[in-house]
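1. turn this into a structure:
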Amino acid sequence: MSGTGFSRNIILVGFMGTGKSTVSRLLAERLGWESLDTDEEIVKAADKSIPQIFAEDGETAFRDWESQAVRQALSGERRIVATGGGAVLRESNRQQMLERGWVVALTADKASLVRRVTSAETGTRPLLAGDAEARVTQLLESRRHAYDFANAKVDTSDKSPEEVAEALLRGLPDGWL
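-> Now for the predicted structure:
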């Protein structure tokens, strides 16, 4: 249950490559809820790709779009919301997440993250420009405690997205379904 009310949303936070987008779609299918991905919502609202926003407007502008996307995604109920990896960097976003649902941090070991983000299209991840492994290491260190506020954590390192979704469904707080 959330801190100030009973908003039935599940919010997935975590570093890039932990499986937030895929797991959110699986959970939404199983629960019959809506799945929202804040990165996809930003692209629609800005009418630009995330790399374009970073290149043309900078990271601060992207984080502003991200805060708006988080606010809008959490304005409803029965939503599975996959956030961008850096959405937790703003206190206001973390507060909204805790107030509007059950926050789950998806984690993974560094080797799994590097493998996942380098096998994906790294051009879509502006923060990994250059040496992706070095950037992952640096970002993991700078965000070491960024996801600690979550209500629960699930390590996705050696699990399929289906296994992660099942673990989350088993771990839902009493009375959610």
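2. run a quick neighbour tally on Ala167.
-> Ala167 has 16 neighbouring residues, counting by other CB atoms under 10 Å. All C-beta spots, glycine's among them, are computed from the backbone N, C-alpha and C.
3. pretty sure it contacts Lys153?
-> No: Ala167 lies out of contact with Lys153 (CB atoms under 8 Å); the separation is 10.5 Å.
4. dump the host helix or strand of Leu106 to CSV, restricted to CA.
-> Applying DSSP states H and E as the criterion places Leu106 in strand 102-107. Taking C-alpha atoms only, strand 102-107 is exported to CSV below (Å, rounded to 0.1, in the frame of the first residue of the first chain):
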residue,chain,number,x,y,z
TRP,A,102,3.8,0.5,-4.9
VAL,A,103,7.3,1.2,-6.1
VAL,A,104,9.5,-1.7,-7.1
ALA,A,105,13.2,-1.3,-7.9
LEU,A,106,14.5,-3.7,-10.5
THR,A,107,18.2,-4.4,-10.0
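5. so what touches it?
-> 1-2, 9-15, 18-20, 23, 97, 147-157, 164, 168, 171-173, 176 (CB atoms under 8 Å, 6 or more residues apart in numbering).
6. tell me the average confidence for it?
-> The average of the pLDDT scores along strand 102-107 is 95.
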